[in-house]
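In: Can you look at this prediction? I've put the sequence above it.
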Amino acid sequence: MSDLFAADPQETDKARPLADQLRPQTLAEVIGQESLLGPAGTLTRMLASGRLGSLILWGPPGTGKTTVARLLADQIGYRFEQISAIFSGVADLKKVFEKARFERLSGHRTLLFVDEIHRFNRAQQDSFLPVMEDGTVVLVGATTENPSFELNAALLSRSQVLRFQSLGRDELEKLLGRAETLLGSTLPLDETARGTLLGLADGDGRALLGLVEEILASTREGETLDATSLLTVVQRRAPIYDKAQEGHYNLISALHKTIRGSDPDAALYYFARMLDAGEDPLFLARRLIRMASEDIGLADPQALPLAIAGRDAYQMLGTPEGELSLAQVVVYLALAPKSNAVYTAYKAAMSLAKATGSPMPPMVILNAPTKMMKGQGYGEGYIYDHDTPEAFSGQEYFPEKIGRQDFYNPVERGFERDLRKRMDYFERLRAAKRAADAEE
């Protein structure tokens, strides 16, 4: 007798999340990751050789890491075992390893997929090493964080790191097309809203399909959404950004290098991205002050005061008005003439100071507050520069043991051009004094 209460297969399928319904069944169906899965891709060549070693799949969410791991196991005929580092501990790992050993005795190899592997501590990561080395498991770990920072060197040395890229706009459009084919209709979006939807996905295929489900659940029959109404329906996704992790360092590096590279438009873009992701504006203000000294220096002496003023303006006005003051600083610094001459000179001077100990300054420039010190020659022969015709005595001020050094070399840009002329002028006066002293 048939079960009257058995679920309708079609209804059960509709209840599954769209991302699960569209999960690729073969590696050829995976969207994106051409460098890994294309005809000349790393994984394609690896599978063709018949050998699959342990892998670390590194990339942002929703790029297919879990799906690819599962399909790799299918392709080479391995058991697929999956655990999450978020929910698993040492006891769970021991059970997985024991099961893999038992299955190996029966001739079954195990591909162990560990999601969020960077969440395991160092000791837990070390526990994988023996089972990787003796062939009990082929480890495939997935991480959204830079493996160089988050995984043990021993684990990395036994694995190949494969980089997964965010899905591009064309790839997201292809995935959206698959979803519409499965649904049997196009989404109720105008052209602008469709583009906005792809932008909201932020390169994450799973997020895109989640947004599609939100649209279907929130629109009425016959309704077509424009970009504004789309944002009202789906709200918006938070940008992928963790202020303590790689996303933070990538964007601040991009901001710094675009300012150094004199590109105000790119600099404003990365500045806006960091603010939009929730970065502390005072962190950005501090970094701008650093750039004013490190990358501009005396090529534009106004850069540092302006950066400090931008910080002060933000502290006075707060968000969001104060952020415009910081944006003004970003543009000014990007367009300012660049010089790292002071930065380079400071590092050279510090290096010499560390390497040469504590040599005595020339006696001529030392104060003599007591008769005894005067008797020993402190300050003897000192020339008060303001009493000279050029307000420049040309005396030597470096310790005799070190001799004269050249640290600061102004560039031929901005205000440092004038400083170079001054330095050359003083050097001519200094050379003339040396020549006069030699004749006496």
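Out: Ah, there it is. Predicted model only: the values in this text are computed from it and were never measured. Residues are numbered from 1 along each chain as shown.

In: if I look at Leu111, how far off is Leu155?
Out: Distance from Leu111 to Leu155, counting by CB to CB, to the nearest Å: 16 Å. The C-beta positions use only the backbone N, C-alpha and C, and glycine is treated the same way.

In: Val138 in helix, strand or coil?
Out: Here Val138 is recorded as strand under DSSP: H, G, I helix; E, B strand; the rest coil.

In: er, Gln328 actually
Out: When classified by three-state DSSP, Gln328 comes out as helix.

In: these two touch, right, it and Ala307?
Out: No: counting by CB atoms under 8 Å, Gln328 does not reach Ala307; the two are 10.2 Å apart.

In: Find the residue at the geometric middle of this structure.
Out: Nearest residue to the geometric centre of the chain (CA atoms, centre = their mean): Asn250, 1.7 Å.

In: Check for me that that one belongs to a helix.
Out: Yes: Asn250 sits within a helix when classified using three-state DSSP.

In: quick revisit: please say which of Gln328 and Ala307 ends up with more neighbours.
Out: Counted by other CB atoms under 10 Å, Gln328 and Ala307 do not tie: Ala307 has more neighbours, with 25 against 14.

In: Now the helix or strand containing Leu209: average pLDDT?
Out: Here Leu209, judged by DSSP states H and E, is contained in helix 205-218. Mean pLDDT, helix 205-218: 90.

In: Pull out the buried residues from that helix.
Out: Across helix 205-218, burial judged by 16 or more other CB atoms under 10 Å covers Gly205, Arg206, Ala207, Leu208, Leu209, Gly210, Leu211, Val212, Ile215.

In: any idea how far Leu176 is from the third one?
Out: The one in question is Ala207. Separation of Ala207 from Leu176 (CB to CB): 12 Å.

In: Show me how far the helix holding Leu209 is from its chain's centre.
Out: Put simply, helix 205-218 sits 28 Å off its chain's centre (CA atoms, centre = their mean, to the nearest Å).

In: what residues does stretch 221-237 touch?
Out: Stretch 221-237 is contacted from outside by 188-190, 192-193, 195-197, 200-202, 204, 207, 211, 214-215, 218-219, using CB atoms under 8 Å, 6 or more residues apart in numbering.

In: now with 6 Å?
Out: Pro188, Leu189, Asp190, Thr192, Ala193, Thr196, Leu200, Leu211, Glu214, Ser218 (CB atoms under 6 Å, 6 or more residues apart in numbering).

In: Now tabulate these in a markdown table and tack on distance to Ala267.
Out: Output for the contacts of stretch 221-237, formatted as a markdown table (distance: CB to CB, whole Å):
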| residue | distance to Ala267 |
| --- | --- |
| Pro188 | 38 |
| Leu189 | 33 |
| Asp190 | 33 |
| Thr192 | 28 |
| Ala193 | 30 |
| Thr196 | 25 |
| Leu200 | 24 |
| Leu211 | 30 |
| Glu214 | 34 |
| Ser218 | 38 |
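
In: Out of these, which is nearest to Ala28?
Out: Leu211 (25.8 Å; CB to CB).

In: and Arg404, that one's in a helix?
Out: No: assessed with three-state DSSP, Arg404 is coil; it does not lie in a helix.

In: okay, the top helix by length along the chain in CSV with CA atoms only?
Out: Across the chain, the longest stretch assigned as helix under DSSP state H is helix 416-439. Extracted in CSV, the C-alpha atoms of helix 416-439 (Å, rounded to 0.1, in the frame of the first residue of the first chain):
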residue,chain,number,x,y,z
GLU,A,416,62.6,69.8,-1.4
ARG,A,417,63.9,71.4,-4.5
ASP,A,418,64.4,74.6,-2.4
LEU,A,419,65.9,72.5,0.4
ARG,A,420,68.4,71.0,-2.0
LYS,A,421,69.5,74.5,-3.0
ARG,A,422,70.0,75.5,0.6
MET,A,423,72.0,72.4,1.4
ASP,A,424,74.2,73.0,-1.7
TYR,A,425,74.7,76.6,-0.5
PHE,A,426,75.7,75.5,3.0
GLU,A,427,78.0,72.9,1.6
ARG,A,428,79.8,75.5,-0.5
LEU,A,429,80.3,77.7,2.6
ARG,A,430,81.5,74.7,4.5
ALA,A,431,84.0,73.8,1.8
ALA,A,432,85.3,77.4,1.7
LYS,A,433,85.8,77.3,5.5
ARG,A,434,87.7,74.0,5.2
ALA,A,435,89.9,75.5,2.5
ALA,A,436,90.5,78.6,4.6
ASP,A,437,91.4,76.5,7.7
ALA,A,438,93.8,74.4,5.6
GLU,A,439,95.7,77.6,4.5
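
In: So Arg260 sits against Asp295, correct?
Out: Yes: using CB atoms under 6 Å, Arg260 is in contact with Asp295, at 4.8 Å.

In: Tell me which of these two has more neighbours.
Out: Asp295 (22 against 17).

In: Contacts only, for that one.
Out: Contacts of Asp295 by CB under 6 Å, 6+ apart are Arg260, Lys338.

In: Just say helix, strand or coil for it.
Out: At Asp295 the chain is in helix, as set by three-state DSSP.

In: what about it, distance to Gly50?
Out: Asp295 is 52 Å from Gly50, where distance means CB to CB.

In: what's the burial count for the residue lying closest to Ala85 once chain neighbours are set aside?
Out: In space, and not counting its chain neighbours, Ala85 is closest to Arg119: 3.7 Å by CB to CB, 6 or more residues apart in numbering. Arg119: 16 surrounding residues under other CB under 10 Å.

In: And the pLDDT at Arg119?
Out: For Arg119, the model assigns a pLDDT of 90.

In: Then Pro9?
Out: Confidence for Pro9, expressed as pLDDT, is 49.

In: what does Asp276 give?
Out: Confidence for Asp276, expressed as pLDDT, is 85.

In: in the helix or strand encompassing Ser351, what counts as buried?
Out: Per DSSP H and E: Ser351 is located in helix 341-355. Across helix 341-355, burial judged by 16+ other CB under 10 Å covers Ala341, Val342, Ala345, Tyr346.

In: Likewise for stretch 16-36?
Out: Leu18, Ala19, Leu22, Arg23, Leu27, Val30, Ile31, Gly32, Gln33, Leu36.

In: quick one: Pro362 from Lys374, how far?
Out: From Pro362 to Lys374 the distance is 16 Å (CB to CB).

In: give the contact list for Ala73.
Out: Ala73 neighbours (CB under 6 Å, 6+ apart): Phe80, Leu111.

In: so how far is Lys65 from it?
Out: Using CB to CB, Ala73 is found at 13 Å from Lys65.

In: Report the set of residues contacting both of these two.
Out: With CB under 6 Å, 6+ apart, Ala73 and Lys65 have no common neighbours.

In: returning to that earlier point: and the helix holding Leu209, what other elements does it pack with?
Out: helix 18-21, helix 169-183, helix 227-234 (3 or more CB pairs under 6 Å, 6 or more residues apart in numbering; DSSP states H and E).
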